[in-house]
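Enquirer: Sequence first, then the predicted structure, then my questions.
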Amino acid sequence: MDRWSLVLWVLGVLQIANAFWMLFAPESWYLNLPAGVPDTGPLNVHFVRDIGCAFFSSGVALVWAAVTSQVMVRLACVVLAALFLGGHAAVHLFDLARGALGERHWLLDLPGVFAPTLILAVLVVHFGRKVQSPKRRSP
């Protein structure tokens, strides 16, 4: 397993674990996720479960990218996951910029929202370059 497979595997499993928590215990997720979720508004169980489905889809795409050796498939899976996570991060940035979330959310959102998005952006570029230049090898 190369280093990118490991990164994709870890990110994917974390996304799937978060999705299961959201789908099967939305109240617990809302109250106990260490990201200040109650700061975003009152609990809406249906909405938490809807977003849990998006996290599940993203996680499956990342695990699929981790286990395949086909660069084009890896790129497609990472792009799909990055679309969701990038949009999710953009919503958080928008809420931070307009003052809807307190300044503490810059740090609260860093590990679960911003860092995964940045990692996937790097991987989109990495796999995109590999698709364009198939003779390149990554360590």
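Expert: Received, thanks.
Enquirer: Now do the helices for the protein: every range, in order, please.
Expert: Using DSSP state H, the helices of the chain run over residues 3-24, 26-32, 45-67, 71-97, 104-109, 115-132.
Enquirer: Columns mean pLDDT and mean neighbour count on top of these, output as TSV?
Expert: Quick note: C-beta positions are derived from backbone N, CA and C, even for glycine. Formatted as TSV, the helices of the chain follow (pLDDT from 0 to 100; neighbours: other Cβ atoms under 10 Å):
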stretch	mean pLDDT	mean neighbour count
helix 3-24	97	18
helix 26-32	98	15
helix 45-67	98	18
helix 71-97	98	18
helix 104-109	96	15
helix 115-132	96	17
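Enquirer: Among those helices, which comes closest to Asp39?
Expert: Across these, Asp39 has its closest neighbour in helix 104-109 (6.9 Å, Cβ to Cβ).
Enquirer: now for that closest one, which elements pack on it?
Expert: helix 71-97 (3 or more Cβ pairs under 8 Å, 6 or more residues apart in numbering; DSSP states H and E).
Enquirer: Show me what the helix it packs on is packed against.
Expert: helix 3-24, helix 45-67, helix 104-109, helix 115-132.
Enquirer: Generate a markdown table for the ones you listed, with distance to Gly86 as supplementary columns.
Expert: Putting those into a markdown table (distance: least, Cβ to Cβ, whole Å) gives the following:
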| stretch | distance to Gly86 |
| --- | --- |
| helix 3-24 | 13 |
| helix 45-67 | 11 |
| helix 104-109 | 14 |
| helix 115-132 | 5 |
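Enquirer: Reformat the helices of the chain as JSON lines; add distance to Pro38.
Expert: Shown next, in JSON lines, are the helices of the chain (distance: least, Cβ to Cβ, whole Å):
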{"stretch": "helix 3-24", "distance to Pro38": "15"}
{"stretch": "helix 26-32", "distance to Pro38": "7"}
{"stretch": "helix 45-67", "distance to Pro38": "12"}
{"stretch": "helix 71-97", "distance to Pro38": "14"}
{"stretch": "helix 104-109", "distance to Pro38": "12"}
{"stretch": "helix 115-132", "distance to Pro38": "22"}
